[in-house]
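1. Quick one, structure for this:
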Amino acid sequence: MKLSPALALGALILLSPALPAADQPQWGQAWTRNMISAERGLPASFDLETGQNVQWKAPLGTQSHGTPIAAGGRVFIGTNNENPRDPKEIGDLGILLCLDEKDGHFLWQLAVPKRTEDQYFDWPKTGMASEVSVEGDRAYFVDNRGEVVCLDVNGMANGNDGPFQDEGLHMMPRPALPPTFQPQPLPPDASAPAPGPTDADIIWLFDMPASAGTWPHDGAHSSILILGDYLYINTGTGVDNTHRGMRAPDAPSLIVLEKKTGRYVARDDEHIGPNIFHATWSSPSYAVVNGQPLVFFAGGDGIVRGFEPIKQSPAEGEVLKLKKAWSFDPDPTAPKVDVHRFTSNRQQGPSDIYGMPVFYQNRIYVAGGGDIWWGKNEAWLKCIDATRKGDVSGTAEVWSAPLDRHVMSTPAISDGLVFIADSMRKVHCIDAETGKEYWSQETKGEFWASPLVADGKVYIGTRKGDFWIFAATKEKQVLATVDFKRGISATATAANGTLFVATMTDLYALREGSLLKPAEPAAVK
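-> So this is what the prediction gives:
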């Protein structure tokens, strides 16, 4: 099989030894989604009170669920607008911040009004939960309205690049009505604010609800997979406000856009919608298996599929159907139809997957189980043989390891060890070959974040705010614990010798040898 230049390059990188890390331009490694980093010299401890090993601290909003991404001297992170930075952008907005990587100062922001059709469409004050994926001078992102946006990493500071020119209009609250979700016209006497140098520069925009017929639930969470000339995007489509039905049962769960133009070119044809138990929050990964490129994707129905990447764009106006080459059902005895009759049932029901499927040495590692809010009390980590073809549900499971009740994390795999955290306050270390658990550690809070393995250490924080640093070994060694006093949903990021940790309210840059002096109290007049 002859690979395109982009896919051949992907295969070469996947088979090459790990290169020294620098930027971290997407969530997880390209393209396996493994939660590891090749950074070295990262701190084994730090002190927030004395400032030891703290380079800088930047305020966010009050809810910051997305993982920070560091690339090109900038750090990108989503939050809400409870700490406004621009007087013309006030109220409940989703905010994507772009900060200077050296000192954390504010460069620009993308401010997006909330959807108003239904609060479950875009949950109040949740902000931006997605991660950016950066390539060169472009950042690709799914905002809180379910729009895919291509952004100039320089913002408006270097002018308004096109073809999108309506950034001011995009900042204004405009309700959209079903079934088309097209924004309604502004009143005749309304005027859009003029974007300034600290506003985002949108290059193009694709509205998934309006143009792909999706129905996001609670808020979009997507980390876009950049593959050659295309973007692979989980749509976030999910249940309605009753949690017992689908308003868009025919909506795609995985779509493909052209990277340069945002043109809609492909979608899955798996009819996943009616069987989505809650929402579609797992992002795709990519690998070359036995010479065959595959995009791995965990749908909202709890099934992991492998799709062949598209080779070229279709004719104008046509949308291709992705070809499935591989599938695995991790919970084959669970109900597959009429799944919403099990809503709020903690004993039985379907499984779902919120973390990403990770490719490692011809295997897929994925964590899932009962829904954390509405499903059964069950969770697991599975190792699956990715070399088989077709529906491998009954034949490809290598091992399954039980977790506690529910799981949101993506696994991190390093030196034959798998690290995973569950929502019952435990971090686990498991043998990647056999599924044997070497150790677990109970913490103070539940985990929504994924573990990061870097520099021989495991970094992870909890929703209660306790942050843990372990040695990445099969013998348990707790190197440090730090109380951030604010909840942590985001995965830690390592880039350019620095560890970035986001709490709900602040972003910290932690660097060995740094010393952040405490702010001096204001003088009393």
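
2. so residue 157, which of the three states?
-> Of the three states, residue 157 takes helix under DSSP: H, G, I helix; E, B strand; the rest coil.

3. For it, list the residues it contacts.
-> By CB atoms under 8 Å, 6 or more residues apart in numbering, the contact set of residue 157 is 107-108, 197-198. In this view, the C-beta of every residue, glycine as well, is placed from N, C-alpha and C.

4. same thing but at 6 Å, please
-> The neighbours of residue 157, taking CB atoms under 6 Å, 6 or more residues apart in numbering as the test, are residue 197.

5. any idea how far it is from residue 141?
-> As judged by CB to CB, to the nearest Å, residue 157 and residue 141 stand 18 Å apart.

6. Mind telling me which residue is nearest the centre of this structure?
-> In the chain, the C-alpha nearest the mean C-alpha coordinate belongs to residue 223, at 4.1 Å (CA atoms, centre = their mean).

7. Residue 165 - how many residues pack around it?
-> Using other CB atoms under 10 Å, residue 165 has 12 other residues around it.

8. for the one 4 residues further on, same thing?
-> Other residues within reach of residue 169 by the criterion other CB under 10 Å amount to 15.

9. Three-state assignment for it, please.
-> Classification of residue 169 using three-state DSSP returns helix.

10. residue contacts, the residue nearest to it when sequence neighbours are not counted?
-> Using CB to CB, 6 or more residues apart in numbering and skipping residues adjacent in sequence, the residue nearest residue 169 is residue 192, 4.4 Å away. By CB under 6 Å, 6+ apart, the contact set of residue 192 is 168-169, 172.

11. Residue 192 in helix, strand or coil?
-> coil.

12. Leaving out sequence neighbours, find the closest residue to residue 107.
-> Spatially, and ignoring its direct neighbours in sequence, residue 107 is nearest to residue 98 (4.6 Å; CB to CB, 6+ apart).

13. Tell me the helix or strand right after the helix or strand containing the one you found.
-> Assigned by DSSP states H and E, residue 98 belongs to strand 93-100. Later in the chain than strand 93-100, the nearest helix or strand by DSSP H and E is strand 106-113.

14. quick revisit: mind checking how far the strand holding residue 98 is from the chain centre?
-> 16 Å (CA atoms, centre = their mean, to the nearest Å).

15. The stretch 151-300 of the chain: strands as residue ranges?
-> 201-207, 225-227, 230-234, 254-258, 264-267, 285-289, 292-298 (DSSP state E, counting those that start in this stretch).

16. Note down every partner strand of the last one and its orientation.
-> Next to strand 292-298 in the sheet, as set by DSSP bridges, lie strand 285-289 (antiparallel), strand 304-308 (antiparallel).

17. Nearest approach to residue 34 belongs to which of the strands of the stretch 151-300 of the chain?
-> Of all those, strand 285-289 sits nearest to residue 34, with 8.6 Å by CB to CB.

18. Pull the residues that contact the strand holding residue 98.
-> Taking CB under 6 Å, 6+ apart as the rule, strand 93-100 contacts 58, 74-79, 81, 107-113, 127-128, 143-144.

19. Report the buried residues of it.
-> 93-99 (16 or more other CB atoms under 10 Å).

20. show me where pLDDT drops low in the chain?
-> Residue ranges of the chain with pLDDT under 70: 1-21, 177-179, 519-525.

21. got a list of what the residue nearest to the centre of the chain touches?
-> Counting by CB under 6 Å, 6+ apart, residue 223 makes contact with 27, 131, 283.

22. Report the beta-bridge partners for the residue nearest to residue 159 when sequence neighbours are not counted.
-> Once flanking residues are discounted, residue 159 sits nearest to residue 201: 7.7 Å by CB to CB, 6+ apart. Beta-bridge partners for residue 201, by DSSP bridges, are residue 152.

23. Confirm for me that residue 201 is in contact with residue 155.
-> Yes - using CB atoms under 6 Å, residue 201 is in contact with residue 155, at 5.5 Å.

24. got the end-to-end distance for stretch 456-468?
-> The first and final residues of stretch 456-468 sit 14 Å from each other (CA to CA, to the nearest Å).

25. gap between residue 262 and residue 245?
-> Distance from residue 262 to residue 245, by CB to CB: 31 Å.

26. tell me the contacts of the closest residue to residue 385 other than its chain neighbours?
-> Computed as CB to CB, 6+ apart, the closest residue to residue 385 that is not its neighbour in sequence is residue 396, at 4.2 Å. Taking CB under 6 Å, 6+ apart, we find residue 396 in contact with 328, 384-385, 388.

27. Compare those and tell me which has the most neighbours.
-> Neighbour max across the contacts of residue 396 (other CB under 10 Å) = residue 328, 26 neighbours.

28. Residues in a beta bridge with that residue, which ones?
-> residue 304.

29. Quick check, it in contact with residue 306.
-> No - Residue 328 lies out of contact with residue 306 (CB under 6 Å); the separation is 8.5 Å.

30. ok, and what's touching stretch 501-510?
-> 43, 46, 53-60, 63-64, 68, 77, 484, 486-488, 490, 492, 498-500.

31. 8 Å instead, please
-> Outside stretch 501-510, the residues within contact range by CB under 8 Å, 6+ apart are 42-43, 46, 48, 53-64, 66-68, 75, 77, 83, 99, 101, 104, 459, 461, 465, 467, 484, 486-490, 492, 498-500.

32. are any of these buried, and which?
-> 42-43, 46, 48, 53-58, 60-61, 63-64, 66-68, 75, 77, 99, 101, 104, 459, 461, 465, 467, 484, 486-490, 492, 498-500.

33. got the buried residues for stretch 23-31?
-> 24-31.

34. and what of stretch 419-437?
-> Residues 419-432, 435, 437 are the ones in stretch 419-437 that count as buried (16+ other CB under 10 Å).

35. What strand or helix carries the residue nearest to residue 218 when sequence neighbours are not counted?
-> Of all residues not flanking residue 218 in the chain, residue 123 sits nearest, at 4.8 Å (CB to CB, 6+ apart). According to DSSP H and E, residue 123 maps onto no helix or strand at all.

36. if I look at residue 123, how far off is residue 220?
-> Going from residue 123 to residue 220 by CB to CB gives 11 Å.

37. More neighbours: which of those two?
-> residue 220 (33 against 18).

38. Do I have it right that the more buried one meets residue 149?
-> No - the criterion here is CB atoms under 8 Å, and residue 220 misses it with residue 149 at 11.1 Å.

39. joint contacts of the two?
-> Residues touching both residue 220 and residue 149 (CB under 8 Å, 6+ apart) are 142-143.

40. does the nearest residue to residue 74 once chain neighbours are set aside have beta-bridge partners, and which?
-> Using CB to CB, 6+ apart and skipping residues adjacent in sequence, the residue nearest residue 74 is residue 98, 5.3 Å away. Beta bridges link residue 98 to residue 76, residue 108, judged by DSSP bridges.
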